[in-house]
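Chemist: How does the following fold in three dimensions:
(chains A, B and C)
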Amino acid sequence: MSVLEQLNDKQKEAAMQLEGPVLILAGAGSGKTRVLTNRTAYMIDEAGINPWNILAITFTNKAAQEMRERIDRLVGFGSESIWVATFHSTCVRILRRHIDLLGYDTNFTIYDTDDSKSVMKEVLKRLQIDTKQYPEKRFLNRISNCKNELSSVEDEERDALGDYADEMFAKVYREYQAGLKKNNALDFDDLLVKTVELFTSFPEVLENYQKRFLYIMVDEYQDTNTAQFELIRLLAARNRNICVVGDDDQSIYKFRGANIRNILDFEKVYPNAKVVKLEQNYRSTQTILDAANAVIANNGSRKDKKLWTDKGDGEKIRFISTDTAYEEAERIVDFICADKRAGKCDYRDNAVLYRTNAQSRLLEEKCIMAGIPYSVVGGVNFYSRREIKDILAYLKTIDNGRDDLAVRRIINVPKRGIGATTISKIADHAAASGLSFYDCCVKAEEILGHGKAAEKIAEFVDLISVLKSKVEYITLEQLIDDILERTDYEAMLEESDPDDAQERIENIGELVNKAVAFEEQNDEPTLSQFLEEVALVADIDNVDENADKVMLMTLHSAKGLEFPNVYLAGMEDGLFPGYMSICSDDPEEIEEERRLCYVGITRAMEKLTISAAGSRMIRGETTRNPVSRFVKEIPQELLLGMPSSMKQKPQIQPQQRPTVQPVKPVVAKAKPFAYLTKGSQMGSTSAPDYGPGDRVQHMKFGQGTVLSVEKGARDYEVSVDFDNAGVKKMFAGFAKLKKL
DNA sequence: CGTACTAGTCTTTTT
DNA sequence: GACTAGTACG
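Modeler: All right, here's what the predicted structure looks like:
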């Protein structure tokens, strides 16, 4: 049977067009992933295309992994040689091979936003720019925008045309880039910029990749920025077999440079493009689709689409309005509890979506009180937590001492009596000599003279070199344990803040879990590779949908996901849409928020509940907001529980700030769960649903029999005798074993 | 050199 | 309200 049999006519049409440019306009829930995977399977299975020649770009690592698994299931072989990756990891892979052509070392490090900020701070200090008047963030944002638009330092210098502020910016931009280069580092945006630069400056390298990637596919095309557009254009220029999939109504990343014109103008750039619209929705009820269609219809420039389904009307949309955000959270949690008790759903069937991360807190508290297992996606990124960054800085220093920021981060953490004066002496010497900070530490005695300071530095250098010498012989897990032991890191945590120590230690345990999983999944794992993988993960990549937990996340994180029951919380003008967009004179801003609302509504498969609170704390201030205009855009007859009073409430006019009146806090219970921090995962060590003797399935090792399940310090440790791979020990949380 | 306190910012979303 | 960076002091 052909792999295309599972597709409807439109989907089939899109999947069969392998040659030339193809634009698939795929409405929410229209089976776009299925089209992409079956199209790829069709290429390999029936068109005889070598998987090696296929490039598929996705938005998140999770999507990439999922796509590969699904293709695997369809064709059973060859899927591992398809290049499926995100834009960023694709670029890293290419740059690791060729970036020496641009004067960087191929073992460059990737800087996250915190690292970029440190570099910027140093630059501004050196240029004596007052950060009160010009905050780092502003420069960083502008630099990011430039990079997204592929505007180089030279371009900015040329365009400054004597304008004081612009010239200053160009100078900062230049110095910032120099700072990165000195540390042999690239920031997120550079990954794309440098790859494009590589391709334009070295056509023979580009040609190499053009000859390899004969067929290119890009998912979530509506969220590509100019740099990404250019990268794809270059790669596809020779063969023109480019297939992009997206939905202009779901373009929600303008703030990070996404250019909706990339999808709207696709046919102008590729005039002979075949365009296929997928409008049949397989996810939601007609009621939900009607609501989504009605809301999005208020947007101006969009490709006309109308989602439909043969699923039937289903339940009405439930609208809840409460006095306070506190009550709102309570109502939502009550609904979930009731459904669960009635046996209508599992916890994992429910997701609560909100506009801002801060909203998760109340919901978390209520979940804890009700004893509901939940999982918060996002918030403070796991890899930007202090303890994790410290350990990673050790690993980076061990891996390659060229990352000055990493070395400086840990040179006195835990405290070893190396102070600011010593550090700045070494830093000055490094700057003057052009050597790296770590290299200067190695010859500290030369710089500082014989003394206590030099001795302390020598101790640090010894520590690093001992660990360095071990890297090749021990596992990552052992290396991290070794670091912890030799530095007495956990003791330091206990001492400095006993309240959070437990959680921080658990986080480190989680990092060890990830290291173990990494070593399991790679044939020849290296420290550099691990650090690289870790630099490019998104929060959503770590979501485990097998765990039976209610999901709490922002609307942005929810893109691409679906849940039987969806709760849209905080539907209030001023929060969603946020004031920024309400007050802006750019109508595009509100439209972007509306698209976000559309994304939220269309996540729901069966039941949608939207809620609004009359007042809530925002930034320590109690604010009152009217019900969101988006709620009013949903036809009345689809809603259940719409209070008539709401209809008269005036809408906020543009240019007018929403009323912010201090209101006495209605609830006295300030913070019943002070130990709770965002991102904490409840029950991450819950017992697996299999036991000794059960047959299980592992992603890589195939089927096997469970020998034992033991509760370890961090997670359950499972021993499995695999039919083809022998006995393996692994952590339950990461092995993702499926009971058969 | 290390600590404790203060002031200021943040909150729109993230690879 | 929470977190961070910067500063003053021991």
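
Chemist: these two touch, right, residue A:139 and residue A:121?
Modeler: No: with contact defined as CB atoms under 8 Å, residue A:139 does not count as touching residue A:121 (10.2 Å). Glycine gets a C-beta too; all of them are placed from N, C-alpha and C.

Chemist: Give me the more crowded residue out of these two.
Modeler: Neighbour count, other CB atoms under 10 Å: between residue A:139 and residue A:121, residue A:139 has more, with 21 against 12.

Chemist: nearest residue to residue A:136 other than its sequence neighbours?
Modeler: Distance criterion CB to CB, 6 or more residues apart in numbering; nearest residue to residue A:136, sequence neighbours excluded, is residue A:120 at 4.4 Å.

Chemist: how about that neighbour, phi and psi?
Modeler: Taking degrees, to the nearest 10, you get phi -60, psi -40 for the backbone angles of residue A:120.

Chemist: Tell me the predicted confidence for it.
Modeler: You'll see residue A:120 listed with a pLDDT of 88.

Chemist: Look through chain A and tell me its longest helix.
Modeler: Determined from DSSP state H, the single longest helix within chain A is helix A:498-521.

Chemist: tell me what it is packed against?
Modeler: Counting contacts by 3 or more CB pairs under 8 Å, 6 or more residues apart in numbering; DSSP states H and E, helix A:498-521 is packed against helix A:386-399, helix A:476-487, helix A:489-496, helix A:527-535, strand A:726-731, helix A:732-735.

Chemist: which stretch among the ones you listed comes nearest DNA strand C?
Modeler: With CB to the nearest atom of the strand, the closest approach to DNA strand C among those belongs to helix A:386-399: 6.1 Å.

Chemist: List the contacts of the closest one.
Modeler: Helix A:386-399 is contacted from outside by A:107, A:109, A:114, A:382-383, A:403, A:405-407, A:409-410, A:413, A:438, A:464, A:467-468, A:471, A:479-480, A:483-484, A:487, A:489, A:493, A:504-505, A:507-508, A:511, A:527-528, A:530-531, A:534, using CB atoms under 8 Å, 6 or more residues apart in numbering.

Chemist: among those residues, which are within reach of DNA strand B?
Modeler: Near DNA strand B, taking CB under 7 Å from any atom of the strand as the test, no member of those is found.

Chemist: Would you mind checking these for buried ones?
Modeler: A:109, A:382-383, A:403, A:405-407, A:409-410, A:413, A:438, A:464, A:467, A:479-480, A:483-484, A:487, A:489, A:493, A:504-505, A:507-508, A:511, A:527-528, A:530-531, A:534 (16 or more other CB atoms under 10 Å).

Chemist: so who does the residue lying closest to residue A:542 once chain neighbours are set aside touch?
Modeler: The shortest distance from residue A:542 to any non-neighbouring residue, by CB to CB, 6+ apart, is to residue A:382 (7.1 Å). Contacts for residue A:382 (CB under 8 Å, 6+ apart) come out as A:388, A:507, A:510, A:539, A:542, A:679.

Chemist: Let me know the pLDDT of the first one.
Modeler: Pointing back at residue A:388 there. Listed pLDDT for residue A:388 reads 88.

Chemist: residues making contact with the helix or strand harbouring residue A:175?
Modeler: Element membership for residue A:175, per DSSP states H and E: helix A:164-182. When contacts are defined by CB under 8 Å, 6+ apart, helix A:164-182 is touched by residues A:103-104, A:111, A:119-120, A:122-124, A:126-127, A:129, A:134, A:139, A:142-143, A:146, A:153, A:156-157, A:159-160, A:186-187, A:190, A:404.

Chemist: And the helix or strand following that helix, what does it pack against?
Modeler: Next helix or strand after helix A:164-182 toward the C-terminus (DSSP H and E): strand A:185-187. For strand A:185-187, the packing partners by 3+ CB pairs under 8 Å, 6+ apart come out as strand A:109-111, helix A:113-126.

Chemist: So what's the residue count around the residue of the stretch 601-740 of chain A found nearest DNA strand C?
Modeler: Nearest residue of the stretch 601-740 of chain A to DNA strand C (CB to the nearest atom of the strand) works out as residue A:620 at 2.8 Å. The tally of other residues near residue A:620 (other CB under 10 Å) stands at 5.

Chemist: Could you do residue A:470 as well?
Modeler: Per other CB under 10 Å, the neighbour tally for residue A:470 reads 13.

Chemist: quick one: contacts for it?
Modeler: By CB under 8 Å, 6+ apart, the neighbours of residue A:470 are A:479, A:482.
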